[in-house]
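*Asks:* With the input below, show me the fold.
(chains A and B)
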Amino acid sequence: MNQLRRLVLVEWSGLAVAIVIGAAILSMLAPNFLTEFNIYVMLRSFCVALLVGFAQMVTLGVGQMNIAVGALGGLVAIAFGGMMEVYGLPILAAVPVALLIGAAGGLINGLLTVRTGINGFIITLATASAFTGINLGITESIPFYKMPPALVAFGEQRIGAFPYLLIAPVIVAALLGLFFARTVPGRQLLAYGGNAQAAELSGIPRERTIVMAHVLSGLLAAAAAILAVAQLGSAQPSIGSDWLLLSFAAPIIGGAALTGGHVSVLGTLFAVILIALIENGMVLAKVDPYWVQFLLGALILAAVWLNRWRAVRTGTA
Amino acid sequence: MTMLGAFARGTACRSGLVGVALLLGASAAGASDNKIALIPGGPHPYFAPWEQAAADAKKDFGIASVDFKVPTEWKLNLQTELIESLAAQGYNAFGIFPGDAVGINSTVTELKGNNIPAVALAGCAQDPTDMGFCLGTDVYNSAYLGTKELIKAMGGKGNIVHIAGLLVDPNTKLREDAVQKAVDESNGAVKLLQTVADTDAQEAADQKINALLAAQKDQIDGMIATAYIPSVVASKSLRTLGDKRIKFIGIDDDKIVLDAIKDGFVAGTMAQNPYGQGYIGAYVLDLLASGACTVKADAPWVKTPQTAHFIDSGTLVINQANLESYKDDLKKVTAEIQGKFKDTYLTCK
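*Replies:* The predicted model follows:
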């Protein structure tokens, strides 16, 4: 009984309940919902989405926003594809360079934010446009198609219902969990997000913390972009164009505070599972396409409400 | 820069229609000083052949300048700002894919007020409009023919799914109606199981199409995609699944789709004629901007739900039989439309 109460007190328990209810309804509505291939399809769409959610989560943690998540992801995706197609770089060399480009993009965001004193929201709004511009300037909106077969295979292969792609987000989630819970920079980041003045008075360097959050965000956006290229089998300039809403929805549904200071790796993970479940369910339940967007919004609101209701009832709100 | 260069070369190769002018027998006899801009709604690989079309039209018809200018995003305000800026720089004729079928009209009226002609290319503006005409794919006919082709590939019976593009695009409804009409004509032998829409972004298409295949792979006998990106994604998904039982008809000639046709994973794709739209559009805009010709009121226009002044730029099915030769077929279609255009649709001095 005590264990059950402890579980209910956990902030993501409402989301977990919503996922269980949703999955139960879907398995009744659509017999194919629980097939191995459908679970694989859901997990596959979950991989990129989770990293995108994490990329926003780390900036939310420090009380900032990164509007350039998708634009930077798109730029990294085409740079990654271009390096392999045009310059013939092997995957193992292209991956670290792509990650470096992401980190460099994040570094630019962070440095501009701290040096100009302008809010990160405005800075990343501007750099998003710049990153997209570079992307379109290089590709003229034509994708890079010739990806190495090993990369394409990595994006498609699976063991049972588990796609190989899942390896990266699982490792990243574990590392991020450790980072925020157990490391000094991780705790400093959240402390600064929770109360910037108090954090500065306790000796936490303002500039370094904000820059670190943006670099981490760029790095995670780059990881998401690399996975997206593997998943799609080509480096599409449109990668990242619809990440922005998801990047905020996942961590916020998962319990992150918009004002900073609190994030939840597991909450974000459950939120992404819930969103993937709802999107998958829409197709399985043959929902009229003109009503899909409405239902998606309504179901997400219902899930957030359920979590809020749980928090109020348990006194953890 | 090397990457940019490689891309420029790639674009030229992909269009594959560089020599169309020779086929048309066009000449640069009457060189003009017009500055023409071809403007898509936003960045999209569909419009890539317009760049080559603009360069060829400039050379073949002796036009001072024909430029392909792309708005940075798919937003009407960015498109109209680009048009106004180009008009201020001296461009005096515009071929436009409307960022919004109705919203573009105020800008077109403004252009007309300054004696700058505009025509709609690839997609139409909604009547009443000051666009000279609309030269594009008859989307209804293309979706109808595509579905007919699909039904033929399925042996005349079975269950199909329609994968459609953006719901905010009014053409999506036309395509849905066309698919339904072809299904109805099968007298119950073919059933439309489901329409999956809003698949015009890579990741959304990947998620939705794979979820669809996961849920109903065994019930689906055929699929038709009526938008560029889901055609590419569905071709890749069928290849990944190794499924040649489900027949699929896509749209446009992306390399992934063509390779899937070659390897037997895709039955065919509906080719559009973006190069022809850009090339013929520039040719006619030059005649209109020079004041030599005006658009004929009583020409044999096709009437569509959007406009009473529509010209079909041609559509054909690409399958294994014509995979190597379809570009020549499109060149012939372009040559035919361009050759007759002046007499059929214009009144010239």
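*Asks:* distance of B:T334 from B:D60?
*Replies:* Noted for B:T334: a distance of 12 Å to B:D60, by CB to CB, to the nearest Å. Where C-beta positions appear, they are placed from N, C-alpha and C, glycine not excepted.
*Asks:* Please enumerate the strands of the stretch 101-250 of chain B.
*Replies:* In the stretch 101-250 of chain B, the strands defined using DSSP state E, counting those that start in this stretch lie at B:118-122, B:134-136, B:158-163, B:190-196, B:222-225, B:247-251.
*Asks:* who wins for proximity to A:V211 among the ones you listed?
*Replies:* For these, the distance to A:V211 is smallest for strand B:190-196, at 43.0 Å, taking CB to CB.
*Asks:* Neighbour count for B:T334 and B:D60, which is higher?
*Replies:* More crowded of B:T334 and B:D60, by other CB atoms under 10 Å in any protein chain shown: B:T334, with 25 against 21.
*Asks:* and the helix or strand hosting A:I300, which residues are buried?
*Replies:* Assigned by DSSP states H and E, A:I300 belongs to helix A:292-314. By neighbour count with 16 or more other CB atoms under 10 Å in any protein chain shown, helix A:292-314 contains the buried residues A:V292, A:L296, A:L299, A:I300, A:A303, A:V304, A:L306, A:N307, A:R310, A:A311.
*Asks:* swap in stretch B:105-113?
*Replies:* Buried positions in stretch B:105-113, judged by neighbour count with 16+ other CB under 10 Å: B:N105, B:T107, B:V108, B:E110, B:L111.
*Asks:* just stretch B:247-256 next, same as before
*Replies:* B:K247, B:F248, B:I249, B:G250, B:I251, B:D252, B:D253, B:D254, B:I256.
*Asks:* gap between the two ends of that stretch?
*Replies:* Start-to-end span of stretch B:247-256 (CA to CA, to the nearest Å) is 16 Å.
*Asks:* next one: stretch A:189-201
*Replies:* End-to-end for stretch A:189-201, by CA to CA: 14 Å.
*Asks:* hang on, the earlier thing: from the chain's centroid, how far away is the helix holding A:I300?
*Replies:* 20 Å (CA atoms, centre = their mean, to the nearest Å).
*Asks:* List the neighbours of that helix that are in contact with it.
*Replies:* A:8-9, A:11-15, A:17-18, A:22, A:249, A:253, A:255, A:274-275, A:278-279, A:282, A:287, A:317, B:197-198 (CB atoms under 8 Å, 6 or more residues apart in numbering or on different chains).
*Asks:* if I pick A:A196, what's in contact with it?
*Replies:* Per CB under 8 Å, 6+ apart, neighbours of A:A196: A:G63, A:R206.
*Asks:* quick one: it and chain B, what's the gap?
*Replies:* Remark: distance between A:A196 and chain B (CB to the nearest CB, to the nearest Å) = 34 Å.
*Asks:* Neighbours of residue 40, how many?
*Replies:* Defaulting to chain A. Neighbours of A:Y40 (other CB under 10 Å): 20.
*Asks:* wait, I meant chain B there
*Replies:* B:P40 has 27 neighbours, counted by other CB under 10 Å.
*Asks:* Verify the stated contact: it with B:F97.
*Replies:* Yes - B:P40 lies in contact with B:F97 (CB atoms under 8 Å); the separation is 4.6 Å.
*Asks:* what residues do those two have in common as contacts?
*Replies:* B:F47, B:A122.
*Asks:* In which helix or strand does B:F94 reside?
*Replies:* Going by DSSP H and E, B:F94 is part of strand B:93-96.
*Asks:* and that strand, which strands flank it?
*Replies:* Strand pairing for strand B:93-96, using DSSP bridges, gives strand B:32-39 (parallel), strand B:118-122 (parallel).
*Asks:* mind listing the helices for chain A?
*Replies:* Ranges of helices in chain A, per DSSP state H, are A:2-9, A:13-29, A:36-61, A:69-85, A:91-116, A:120-139, A:149-156, A:167-182, A:184-194, A:196-201, A:206-232, A:244-253, A:265-284, A:292-314.
*Asks:* The fourth one versus helix A:120-139: what angle between them?
*Replies:* Meaning helix A:69-85. Calculated by axes from the mean of the first three to the mean of the last three CA atoms, to 10 degrees, helix A:69-85 forms an angle of 30 degrees with helix A:120-139.
*Asks:* Centre of the chain to helix A:69-85, how far?
*Replies:* Offset of helix A:69-85 from its chain centre (CA atoms, centre = their mean): 16 Å.
*Asks:* my guess is A:I138 meets A:G82, correct?
*Replies:* Yes - with contact defined as CB under 8 Å, A:I138 reaches A:G82; the gap is 6.7 Å.
*Asks:* Spatially nearest residue to B:S235 (excluding sequence neighbours)?
*Replies:* The shortest distance from B:S235 to any non-neighbouring residue, by CB to CB, 6 or more residues apart in numbering or on different chains, is to B:A260 (3.9 Å).
*Asks:* other SSEs contacting the helix or strand hosting the one you found?
*Replies:* In this assignment (DSSP H and E), B:A260 forms part of helix B:255-262. For helix B:255-262, the packing partners by 3 or more CB pairs under 8 Å, 6 or more residues apart in numbering or on different chains; DSSP states H and E come out as helix B:228-241, strand B:268-271.
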